[in-house]
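got a sequence here, can you build the structure:
(one chain, ligands or ions: 1)
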Amino acid sequence: MDKLIINGGKRLKGSITVSGSKNASLPICIAAILAPGASAITNVPHLRDITTTAKLLESLGAKVKRHENSMSIDAADINTVEATYDLVKTMRASVLVLGPLLARFGRARVSLPGGCAIGARPIDQHLKGLKALGAEIRLEHGYVEAIAKKGLKGARINFDISTVGGTEHLMMAASIASGMTILENAAREPEIADLANYLNCMGAKIEGAGTDTIRIQGVSDLTPAAFEVMPDRIEAGTFMCAAAITGGDLRIQGMKLEHLDALCFKLQDAGVEITNRNGTVQVKGPRRPQAVNIKTRPYPGFATDMQAQFMALMCIADGASVISENIFENRFMHVSELQRFGADITVEGNSATVKGVKKLSGAPVMATDLRASASLVLAGLAAEGTTEVQRIYHLDRGYEQIETKLAAVGADIRRVPE
Ligand code: EPU
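Okay, here's the model as predicted:
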């Protein structure tokens, strides 16, 4: 397994480009199941989770071709409606095939995802919604078995909580159900609007994606379409924190700043300068950031996927900051690793108090999930001396060539086989 070696203390300077969004690409590639024929999806990042998605689609009988950042998915000959434990356990988003398979073929059998490093992550809201659309659902032998003999029928669904995957799942299933579906208390993340745009390109009739009420007028079938995935807002946010934590000056290309308002406000409060000119976002880090508090919330609040990276920044801030995690119950696994750099962090329940120290010192560390890994890379960029980040397969699930991109703007970072 590879590891990253970082010699910290270098100011990042130059231009860095954001890849296509992982969390938009996953449901979009899965939504291709709904339309018999070949869809051409572009701006798909080269990531482990995308490779898993391609394998998942192939296991169902779809033909998948990848060329650079394009992916062609031909779902004409899908010949099985079962997604096995092996695929679902490596990537939870695999469970999203359940709704599209059920909607197109009237039945599906998909392994239940278990918990993961950041929380229990149940799928009760997905299943409640599919039941409301008329599916019979049984849980047996670790699998969800869903049947809709007469097809799915539109319904009004009110989510108990804001769920990104649940909203995406039901939007896909409802797009070829009969009649109108209304999703209330829907999640509003930009990836949901991106998925809706793709579904609409395929002939779906979806309105309101990106707000908390989504109306889906079911159509009888969808036809394949070409689509370009949105840029990855979490990768972009991670680069903004990389500029901030190294006192650097990065020009970030291809990002949409409007997707990161909550992060921007907090970075500005910390003393980071952010300017947006003609699609290039320039981020200049201060000599030392000021401490600021954050609370993670569903979009448009501060993203849980940016919490670990922001915590790394607060480790060297002037003052103490309180970071509350309100989306996942166990998303502080990076704390004990950040402490290995000399960070002063105490955790009580879902709040971490970070007392900024003047300097972090490089250390061997190990990541437990994707964004935790990103926070360790950021801490390593700022720390004095050498950092070894181990178990970087997590990082490879969500960041395209991170070491190449960071090295090109002045980081001393390289990948070595462990
Ligand atoms: N939840 C339930 N029941 C459900 C669904 C969710 O209780 O049926 C709970 C979850 O356990 C969690 C909260 O609701 O506590 C929010 O979960 P959500 O469904 O919104 O998350 P997700 O769809 O599983 C996506 C991203 C995550 C990101 C979250 C929150 C993808 C593939 N994953 O997960 O991304 O953290 O939304 O924004 O889109 C990452 O990229 O590192 C990552 C973990």
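
interface residues of the protein facing the ligand?
23, 26, 93, 119-126, 161, 163-166, 187, 304-305, 327-328, 370-371, 398 (Cβ under 6 Å from any ligand atom). Every C-beta, even on glycine, is put in place using the N, C-alpha and C of the backbone.

identify those among the residues you listed that sit within helices.
Among the residues of the chain next to the ligand, DSSP state H puts N23, L26, D124, Q125, H126, V164, G165, G166, L370, R371, G398 in helices.

can you flag the buried ones in those?
N23, L26, Q125, H126, V164, G165, G166, L370, R371, G398 (16 or more other Cβ atoms under 10 Å).

need the contact list for the second one.
Spelled out, it's L26. For L26, the contact set (Cβ atoms under 8 Å, 6 or more residues apart in numbering) comprises D49, I50, T53, M91, A93, L96.

now do the last one
Taking Cβ under 8 Å, 6+ apart as the definition of contact, the neighbours of G398 are K22, L47, D49, I234, E235, L370, R371, A374.

measure the fourth one to G119 for me?
When you say that, I think you mean I234. From I234 over to G119 the distance is 17 Å, taken as Cβ to Cβ, to the nearest Å.

ok, residues contacting stretch 196-214?
With Cβ under 8 Å, 6+ apart, stretch 196-214 has contacts from 28, 31, 34-35, 39, 41, 167, 171-172, 175-176, 182-186, 188, 190, 192-193, 195, 215-219, 221-227.

among those residues, which lie within strands?
S39, I41, I182, L183, E184, R215, I216, Q217, A226, F227 (DSSP state E).

what's the closest of these to the ligand?
Nearest to the ligand, judged by Cβ to the nearest ligand atom, of the ones in strands among the contacts of stretch 196-214 is L183 at 13.2 Å.

give me the number of residues near that closest one?
Other residues lying near L183 total 26 when counted by other Cβ atoms under 10 Å.

from R251, how far off is it?
38 Å.

mark which of the contacts of L26 are part of helices, please.
D49, I50, T53.

ok, and the most crowded of those?
T53 (29 neighbours).

for whatever residue of the stretch 51-200 of the chain ends up closest to the ligand, which residues are in contact?
Residue nearest to the ligand within the stretch 51-200 of the chain (Cβ to the nearest ligand atom): G165, separated by 2.8 Å. With contact set as Cβ under 8 Å, 6+ apart, G165 has these partners: P27, R92, A93, V95, L96, I123, H126.

what residue ranges in this structure score low on pLDDT?
Applying pLDDT under 70 to the chain flags the ranges 115.

show me the domain layout of it.
Recorded structural domains for the chain (assignment: automatic domain parsing) are 2-19+231-417, 22-228.

which helices and strands does the helix or strand containing S336 pack with?
For S336, the enclosing helix or strand under DSSP states H and E is helix 335-339. Contacts defined by 3 or more Cβ pairs under 8 Å, 6 or more residues apart in numbering; DSSP states H and E place helix 335-339 against helix 307-314, strand 344-348, helix 370-382.

what's the distance between that helix and the middle of its chain?
Taking Cα atoms, centre = their mean, to the nearest Å, one finds the center of helix 335-339 at 22 Å from the center of the full chain.

ok, and what's touching it?
311-312, 315, 345, 347, 352, 365-368, 372, 375-376, 379.

for the residues you listed, which one is nearest C241?
Distance to C241, by Cβ to Cβ, is smallest for A312 among the contacts of helix 335-339, at 6.9 Å.

now for the closest one, how many residues are close by?
A312 has 31 nearby residues by other Cβ under 10 Å.

contacts only, for it.
A312 is in contact with C241, I245, H334, L338, S375, L376, L378, A379, A382, counting by Cβ under 8 Å, 6+ apart.

and the fourth one, how far is that from the ligand?
Going from L338 to the ligand by Cβ to the nearest ligand atom, to the nearest Å gives 17 Å.

cool, and the fifth one?
According to Cβ to the nearest ligand atom, S375 and the ligand sit 11 Å apart.

which residues does the residue nearest to that residue when sequence neighbours are not counted contact?
Sequence neighbours aside, A308 is the residue nearest to S375 in space, at 3.7 Å (criterion: Cβ to Cβ, 6 or more residues apart in numbering). A308 makes contact with R331, H334, R371, A372, A374, S375, according to Cβ under 8 Å, 6+ apart.

next: S19.
Counting by Cβ under 8 Å, 6+ apart, S19 touches N43, P45, N69, P231, D232, E235, E400.

with K55 instead?
L87.

number the chain from 206, please
Sure thing, new numbering starts at 206, so read that last one as K260.
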